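K.L.:
Need coordinates for the following:
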Amino acid sequence: TTAPLVTAAACALLAAGVGARPELGVWLLLAPVAVLLATVDAAVHRLPDVLTLPAAGATAALLGAAALLPGHRGSWTGALLGGLALAAAYFVLFLIRPDGLGFGDVKLALTLGIALGWYGWTVLFLGAFAGFVLGSVYGIGLLLARRADRKSAMPFGPFMVLGTLLGLLLGGYGTS
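P.N.:
The predicted structure is shown next:
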């Protein structure tokens, strides 16, 4: 599969964007899990609890440790609040349209919100927004190619993960 190559590329981009700061270790540990989750979601339209829930706890704990080290460029409080805010937003979307967004996406939003929130509200918003834009472009492409219709199910996790990668790169470059 392409997952190892995608993981290596994501790690290389993160290392280049963030540099030798304590949070880079967290991103390098989170990247393989995020790629695995995106791969599973793309294949079976599910985000398994065995990965989503531990990822949220590990991301929060590891960023807490990173916040204690010199040279970090984020906020642990911002990370925790970002995770709660993004998970709450996805939960509202789930309540509004449970057939359009799975609860696995809500749980993944907790992890990704923690990561994005580390660099602040602007990065959180832009990373989350990027995921929606990328998912929309993909969905429109499927509609135009007549490979899907408006009722077709589409995994959203890969776009959430890609949007988060873009947000973390923005956060890493923005805090250099």
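
K.L.:
Just the mean pLDDT for stretch 146-162, thanks.
P.N.:
Across stretch 146-162, the average pLDDT comes to 90.

K.L.:
Which secondary structure elements does the helix or strand where residue 61 lies sit against?
P.N.:
Counting by DSSP states H and E, the element that carries residue 61 is helix 49-67. Judged by 3 or more CB pairs under 8 Å, 6 or more residues apart in numbering; DSSP states H and E, helix 49-67 is in contact with helix 22-44, helix 76-96, helix 103-117. Every C-beta, even on glycine, is put in place using the N, C-alpha and C of the backbone.

K.L.:
can you pull the buried residues of the shortest one?
P.N.:
If I follow you right, that is helix 103-117. For helix 103-117, a neighbour-count test (16 or more other CB atoms under 10 Å) marks 104-117 as buried.

K.L.:
Out of these, which is nearest to residue 60?
P.N.:
Proximity of the buried residues of helix 103-117 to residue 60 (CB to CB) peaks at residue 114, which lies at 5.4 Å.

K.L.:
Quick check: the gap between the nearest residue to the closest one once chain neighbours are set aside and residue 12.
P.N.:
Leaving aside its sequence neighbours, residue 114 sits nearest to residue 83 (CB to CB, 6 or more residues apart in numbering; 3.5 Å). Residue 83 sits at a distance of 26 Å from residue 12 (criterion: CB to CB, to the nearest Å).

K.L.:
shouldn't the residue nearest to residue 114 be in contact with residue 111?
P.N.:
Yes: contact status for residue 83 versus residue 111: in contact at 7.1 Å, counting by CB atoms under 8 Å.

K.L.:
Overlap in contacts, the two.
P.N.:
Taking CB atoms under 8 Å, 6 or more residues apart in numbering as the contact criterion, the residues that touch both residue 83 and residue 111 are 56, 59.

K.L.:
Nearest to residue 147, out of the buried residues of helix 103-117: which one, please.
P.N.:
Using CB to CB, residue 105 comes nearest to residue 147 of the buried residues of helix 103-117, at 21.6 Å.

K.L.:
my guess is the closest one meets residue 159, correct?
P.N.:
No: Residue 105 is not in contact with residue 159 according to CB under 8 Å; the separation is 9.9 Å.

K.L.:
Pull the residues that contact stretch 129-136.
P.N.:
Residues outside stretch 129-136 that contact it (CB under 8 Å, 6+ apart) are 154, 156, 159-164, 166-167.
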